[in-house]
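1. Sharing a sequence plus its predicted fold:
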Amino acid sequence: MAATSKKVLVLNRNWCAVGVVCLPKAISLLFTHYEDGEPRAKIITPPPKGSYEVWDWSDWSGLRPQEGEETLISASSVYRIPEVMLLTRYDRMPIQKVNFCRRAIWKRDEYRCQYCGVKPPADECTLDHILPRSLGGDTSWTNCVLACYQCNSQKADRRPEDAFRPRDKERARKWKGPSPMRLLKAPVKPEYSVVNYPLPKGSGLPVSPSVALDYSQVLHQVHRLFP
Ligand SMILES: [Zn+2]
């Protein structure tokens with residue numbers, strides 16, 4: 001992956017995750033200052049033990065990358081790539097609206113067929129209308145789910161409760177879904193806030209070692225949402 005396509009988790013001044021930006025955007029935030037000279041954003045890292053460290057760009061740019069670490073290379077220098085940054089004054093929690101589209105449905109459903117639970121390859125992901133359009137079903141968050149090709153074609157223009165295991169033995173053997181078909185879970189309209197995972201309040205210094213674990217969980221969450 002190119003360094004410039006890396007994602008950086010953004011926290012507000014209360015240490016709540018408010019979004020994820022690509023690296024170029026993160027760098028531009030780090031280089032922007034308020035009128036009194038305070039940078040709009042700083043970088044956060046968890047040291048091996050205990051509290052977090054907060055860096056402004058001038059300190060950060062002096063750090064030597066570790067062996068094997070991915071780096072950002074400019075004409076004159078090599079920099080470590082930040083993973084989490086803190087907005088120094090922004091204190092709101094933006095509600096990030098999610099536009100309805102196939103991709104957003106895939107993400108909500110964690111790329112899993114909502115009938116059989118299989119994670120199909122991208123070209124076998126289909127959009128299933130739970131109540132079929134032919135029966136008045138709408139195209140909405142609560143009536144659409146990801147279905148694998150097999151489940152969708154088996155269900156066809158039927159309600160899940162009216163769709164059963166294929167009669168054809170060969171197809172029945174391949175098909176792993178319940179009979180009659182039913183959803184793994186009821187679909188909902190997602191409400192991200194990209195990462196709904198509050199970090200400890202305050203300047204972040206000092207925080208307990210147990211919080212360092214949370215930091216890695218946050219990163220895990222980010223990498224899961226933005227692979
Ligand atoms: Zn399926």
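-> Good, I have the coordinates. Residues are numbered from 1 along each chain as shown.

2. Residues contacting stretch 175-191, please?
-> For stretch 175-191, the external contacting residues (CB atoms under 8 Å, 6 or more residues apart in numbering) are 95, 98, 104, 107-109, 112-118, 130, 141-145, 150-151, 154-155, 160-166. Every residue, glycine included, has its C-beta placed from N, CA and C.

3. Separate out the buried members of those.
-> For the contacts of stretch 175-191, a burial check counting by 16 or more other CB atoms under 10 Å picks out 98, 107-109, 112-116, 118, 130, 141, 143-145, 150-151, 154-155, 160, 163, 166.

4. What about the residues you listed, which are in strands?
-> C144, V145 (DSSP state E).

5. filter the contacts of stretch 175-191 by proximity to the ion?
-> Contacts with the ion within the contacts of stretch 175-191, counted by CB under 5 Å from the ion: C113, Y115, C116, C151.

6. May I see the buried residues of stretch 65-79?
-> L72, Y79.

7. Please apply the same query to stretch 20-39.
-> Neighbour count says stretch 20-39 has V20, V21, L23, A26, I27, L29, L30, P39 buried, by 16+ other CB under 10 Å.

8. same question, stretch 177-191
-> G177, P178, M181, L184, P187, P190.

9. per-domain residue ranges of this structure.
-> As given by automatic domain parsing, the domain ranges for the chain are 3-96+193-225, 102-174.

10. D128 against C148, yeah?
-> No - distance between D128 and C148: 9.3 Å, which falls outside the contact criterion (CB atoms under 8 Å).

11. Spell out which residues are contacts of both of these two.
-> Y115.

12. How far away from the center of its chain is stretch 177-195?
-> 17 Å (CA atoms, centre = their mean, to the nearest Å).
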